[in-house]
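Asker: Just to be clear, the model below is a prediction. Sequence and coordinates:
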There are 2 protein chains.
Amino acid sequence: MTKRASMSDVARAAGVSLTTASRALGGVGRVSPETRAKVIETAERLQFQPDMIARSFVTGRSFIVGVLAEAARGRFSMPLIVGATDYLGRENIAAVTLDARGTPRRLNDYLKRLRSRRIDGLLVVGDDPNRASLVLSEDFSVPVVFASSSATPETDYVVAPDNRGAGRTAAEHLIGLGRRNIAHVTAAVHEPAVDARAAGFTEAMAAAGMRIAMGGPLYGSYLQRWGTDAAERIIAAGEPVDAIFAANDEIAMGLFATFHRHGIRVPDDIAIVGYDNRLAGVQRPDDPLTTFDPELSAVGEKAAERLLTVIGGGGQPGVEYVAPRFVLGRSTVGPTLEPYDVM
Amino acid sequence: MTKRASMSDVARAAGVSLTTASRALGGVGRVSPETRAKVIETAERLQFQPDMIARSFVTGRSFIVGVLAEAARGRFSMPLIVGATDYLGRENIAAVTLDARGTPRRLNDYLKRLRSRRIDGLLVVGDDPNRASLVLSEDFSVPVVFASSSATPETDYVVAPDNRGAGRTAAEHLIGLGRRNIAHVTAAVHEPAVDARAAGFTEAMAAAGMRIAMGGPLYGSYLQRWGTDAAERIIAAGEPVDAIFAANDEIAMGLFATFHRHGIRVPDDIAIVGYDNRLAGVQRPDDPLTTFDPELSAVGEKAAERLLTVIGGGGQPGVEYVAPRFVLGRSTVGPTLEPYDVM
DNA sequence: CTGAAAGCGCTTACAG
DNA sequence: CTGAAAGCGCTTACAG
């Protein structure tokens, strides 16, 4: 393997000055078409590859961005990170990835570290509601973009799944199936993703002139056992609930388990929509649960793309939403779901 | 925010030459203790941070490595990648991540791209058995380390989970529980992970003087429906099988579903051990399935650590194994498992 | 449209 | 032990 050709090698071989070669190859500045063609042809012949480091050195751009995750090893963060870093890689940008692993102190240490490094921009992955203040207080001198599995609108650059749209779609799907007593079993109040899904759901219900069963959203947690408890409450209430939008698949599974135990069939008696597509990846003849795939790696890609745009001087602050993919499953259109089907 | 201090600033402020400052800060070359102390003190006062890019430029080391995945978005690759890149980030190394998304052509394109980039090393994530030839044929001039969810020993630098050890542990666990007719339901022959798990299992059985039930490992696929089929075969055979080591959790689930349908209780009648810890992340009172967590993010970290060692001139080729974590669940020690428990 | 020259911030022979 | 100087491979005013 011979030594790599440098731009000087190309210039010499093409019979032009280094300056001209740089201009011909870089595309900036005026060069005659013939000269440019000659230089480019020579560069290709010599298999010239610009040295990114030398380029960085002189331009000040490092072609490296920081990727800071609040908890990278989580189920939701991993696809975001992989989507983002792969997008960056395709654009020839390297990433310094740091995982705070849920510890605020570590997050701050890493933030400090990234601040003192020459990076072109920072991607923050996570859902901490205080993230904005946290980062802005660190006074970053490079663009910062947030990628989240959920997000409240802010003055920052944010990319997030469209939880509100999913909530709307869920309601419309169930209404379209002829269900008339639709409940919403969700997690904790004031959690951004919860609020957004509930808002979309409520909107669509109102638009159809329908009231939410059980007097409004039932708040609890994201755990499966909250689903089982909620189902008991719904059964005990005696309301003729015939459909439920659950804030995530775990709740949906809990609901289903309890209904099944009581001989209530899904979807025949009660249709259920979940969220997260937790069962993805397990090969099955058909999808058991009607749910939404948040397409988190697409969110990560979008966020990376946006970061590069902002680094390039473009773009406007605000939230950009990525639509979750609606997954049609047996829990709303049948045939009747059995526990075996969701294992 | 004022401009960052350069090494010249430090040298001037400390009253020494740039050369001396570099030596004092870099730790190489002889400098008097007092001079060194003075320079270091000055550097700290000025909050001097060396410019990695300038350093790269002159040393030739880029402090960037390539991370090439055969299919980054897969369930197994994501934790490997996140573990590896986070480790690299902590060591202040950036990563250019590229995901071939299962396409050999893309893999080769990316390989070519990485080859022409100034990277210090390459981490290949994936399980393609032909990977070695593939990469070596590309004649990489920098160290290459492989991180896999499985791997056959090679002359390369490889980090992988200890499938063989897990197979041994599975057998020993079941034997220790007093089971006497233990079968092994696995996936395709000659798949490295399958072979390794089967080898470990067979070893431990032989060591205990026991024969594998059903005449030896039953080969099929990694799909859940193979588990259901295998259970039917075992039931039809009429052998008094009282325990099964399944090559993965999907097979284990399929086995369990069929046994449950036939009124065969798990673990009372038949104990089952799986592999992958697929149900991790769903919060439950106890683990339903006895299985192994391959700790893939730890495998990724180990691989990254090893890559840096090799880049630094150390280390020996060969496979380094990371022990999967044994997860004790109800499928081997009870109480009796119900379908609701594994949803 | 083209070229000679400076300079980005470091490291490292070379000389003292 | 210390310093003046060259050089890593590019980009970009500046001059022609």
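Answerer: Great, that's in hand.

Asker: and A:Phe326, which of the three is it?
Answerer: Following DSSP: H, G, I helix; E, B strand; the rest coil, A:Phe326 is assigned to strand.

Asker: Okay, and the closest residue to A:Ala21 other than its chain neighbours sits in which element?
Answerer: Spatial nearest neighbour of A:Ala21, excluding adjacent residues (CB to CB, 6 or more residues apart in numbering or on different chains): A:Ala11 at 3.8 Å. C-beta: built from backbone N, CA, C; applies to glycine. Applying DSSP states H and E as the criterion places A:Ala11 in helix A:7-14.

Asker: Domain-wise, how is chain A divided?
Answerer: A:7-50, A:64-161+A:296-322, A:163-293+A:326-342 (automatic domain parsing).

Asker: hang on, the earlier thing: at contact distance from DNA strand C, anything in the helix holding A:Ala11?
Answerer: No. Contact of helix A:7-14 with DNA strand C (CB under 7 Å from any atom of the strand) is absent, the minimum separation being 7.8 Å.

Asker: Surely A:Pro317 is in contact with A:Thr155?
Answerer: Yes. A:Pro317 is within contact range of A:Thr155, at 5.5 Å (criterion: CB atoms under 8 Å).

Asker: and A:Ala199, how many residues sit next to it?
Answerer: 15 (other CB atoms under 10 Å in any protein chain shown).

Asker: can you give me the offset of the helix or strand it falls within from its chain's centre?
Answerer: Assigned by DSSP H and E, A:Ala199 belongs to helix A:192-207. Its chain's average C-alpha position is 19 Å from that of helix A:192-207, according to CA atoms, centre = their mean, to the nearest Å.

Asker: pull the CA atoms of it into CSV?
Answerer: C-alpha atoms of helix A:192-207 as CSV (Å, rounded to 0.1, in the frame of the first residue of the first chain):
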residue,chain,number,x,y,z
PRO,A,192,-44.9,15.3,28.3
ALA,A,193,-45.6,12.2,26.2
VAL,A,194,-48.6,11.3,28.3
ASP,A,195,-50.1,14.8,28.0
ALA,A,196,-49.5,14.9,24.3
ARG,A,197,-51.1,11.5,23.6
ALA,A,198,-54.0,12.4,25.9
ALA,A,199,-54.4,15.8,24.1
GLY,A,200,-54.6,14.3,20.7
PHE,A,201,-57.0,11.6,21.9
THR,A,202,-59.2,14.2,23.5
GLU,A,203,-59.2,16.4,20.5
ALA,A,204,-60.3,13.6,18.1
MET,A,205,-63.0,12.5,20.5
ALA,A,206,-64.3,16.0,20.8
ALA,A,207,-64.2,16.5,17.1
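
Asker: what comes into contact with the next helix or strand after it?
Answerer: Downstream of helix A:192-207, the first helix or strand assigned by DSSP H and E is strand A:218-219. Residues from elsewhere that reach strand A:218-219 (CB atoms under 8 Å, 6 or more residues apart in numbering or on different chains): A:Ala183, A:His184, A:Val185, A:Thr186, A:Ala187, A:Ala188, A:Val189, A:Val194, A:Ala230, A:Arg233.

Asker: do that again at 7 Å, thanks
Answerer: Applying CB atoms under 7 Å, 6 or more residues apart in numbering or on different chains, the external contacts of strand A:218-219 come out as A:Ala183, A:His184, A:Val185, A:Thr186, A:Ala187, A:Ala188, A:Val189, A:Ala230.

Asker: Among those, name the ones in strands.
Answerer: A:Ala183, A:His184, A:Val185, A:Thr186 (DSSP state E).

Asker: Tell me the one of these nearest DNA strand C?
Answerer: Nearest to DNA strand C among the ones in strands among the contacts of strand A:218-219 is A:Thr186, at 52.4 Å by CB to the nearest atom of the strand.

Asker: Model confidence at the closest one, what's the number?
Answerer: pLDDT for A:Thr186: 97.

Asker: Now for the closest residue to it other than its chain neighbours, how many residues are close by?
Answerer: For A:Thr186, ignoring the flanking residues on the chain, the nearest one in space by CB to CB, 6+ apart is A:Ala247 at 3.8 Å. A:Ala247 is flanked by 32 other residues according to other CB under 10 Å.

Asker: got the contact list for A:Ala247?
Answerer: Here A:Ala247 is in contact with A:Val185, A:Thr186, A:Ala187, A:Val194, A:Arg197, A:Tyr222, A:Tyr275 (CB under 7 Å, 6+ apart).

Asker: now swap in A:Val333 and tell me
Answerer: A:Val333 touches A:Pro267, counting by CB under 7 Å, 6+ apart.

Asker: one more time with 10 Å
Answerer: Residues counted as contacts of A:Val333 (CB atoms under 10 Å, 6 or more residues apart in numbering or on different chains) are A:His173, A:Leu177, A:Pro267, A:Ala271, A:Asp286, A:Asp287, A:Thr290.

Asker: per-residue confidence at the first one?
Answerer: This points to A:His173. 98.

Asker: Then the third one?
Answerer: Per-residue confidence for A:Pro267 comes out at a pLDDT of 98.

Asker: Give me the phi and psi for it.
Answerer: phi -90, psi 0 (degrees, to the nearest 10).

Asker: what about A:Leu308, distance to A:Gly315?
Answerer: 9 Å (CB to CB, to the nearest Å).

Asker: still on that earlier bit, greatest separation within the ones in strands among the contacts of strand A:218-219: which pair is it?
Answerer: For the ones in strands among the contacts of strand A:218-219, the maximum inter-member distance is 9.9 Å, found between A:Ala183 and A:Thr186 (CB to CB).

Asker: rewinding a little: in the helix holding A:Ala11, which residues are buried?
Answerer: Buried residues in helix A:7-14, counted by 16 or more other CB atoms under 10 Å in any protein chain shown: A:Met7, A:Asp9, A:Val10, A:Ala11, A:Ala13, A:Ala14.

Asker: show me what contacts A:Val142?
Answerer: A:62, A:65-66, A:114-115, A:118-122, A:307, A:310-311.

Asker: Compare these and tell me which is most surrounded.
Answerer: Of the contacts of A:Val142, with other CB under 10 Å as the count, A:Leu307 tops at 30 neighbours.

Asker: Can you get me the centre-to-centre distance for the strand or helix carrying that residue and its chain?
Answerer: Per DSSP H and E, A:Leu307 falls inside helix A:296-311. In terms of CA atoms, centre = their mean, the centre of helix A:296-311 is set 9 Å apart from its chain centre.

Asker: Leaving out the residues flanking it, which one is nearest to the spatially most central residue of chain A?
Answerer: Closest residue to the average C-alpha location of chain A: A:Val299 at 3.0 Å, with CA atoms, centre = their mean. Among residues not flanking A:Val299 along the chain, A:Val322 sits closest, at 4.8 Å (CB to CB, 6+ apart).

Asker: What's the local residue count around the one you found?
Answerer: 20.

Asker: repeat for A:Pro33
Answerer: 8.

Asker: can you pull the contacts of the nearest residue to A:Ser8 once chain neighbours are set aside?
Answerer: Of all residues not flanking A:Ser8 in the chain, A:Leu18 sits nearest, at 5.5 Å (CB to CB, 6+ apart). Contacts for A:Leu18 were tallied using CB under 10 Å, 6+ apart; they are A:Ser6, A:Met7, A:Ser8, A:Val10, A:Ala11, A:Arg12.

Asker: quick one: which of those residues is nearest to DNA strand C?
Answerer: A:Ala11 (7.8 Å).

Asker: And the helices in chain A?
Answerer: For chain A, the helices defined by DSSP state H cover A:7-14, A:18-26, A:33-45, A:52-59, A:77-90, A:104-115, A:131-137, A:163-176, A:192-207, A:224-237, A:249-261, A:296-311, A:330-333.

Asker: Pull out the buried residues from the fourth one.
Answerer: It stands for helix A:52-59. A:Met52, A:Ile53, A:Arg55, A:Ser56, A:Phe57.
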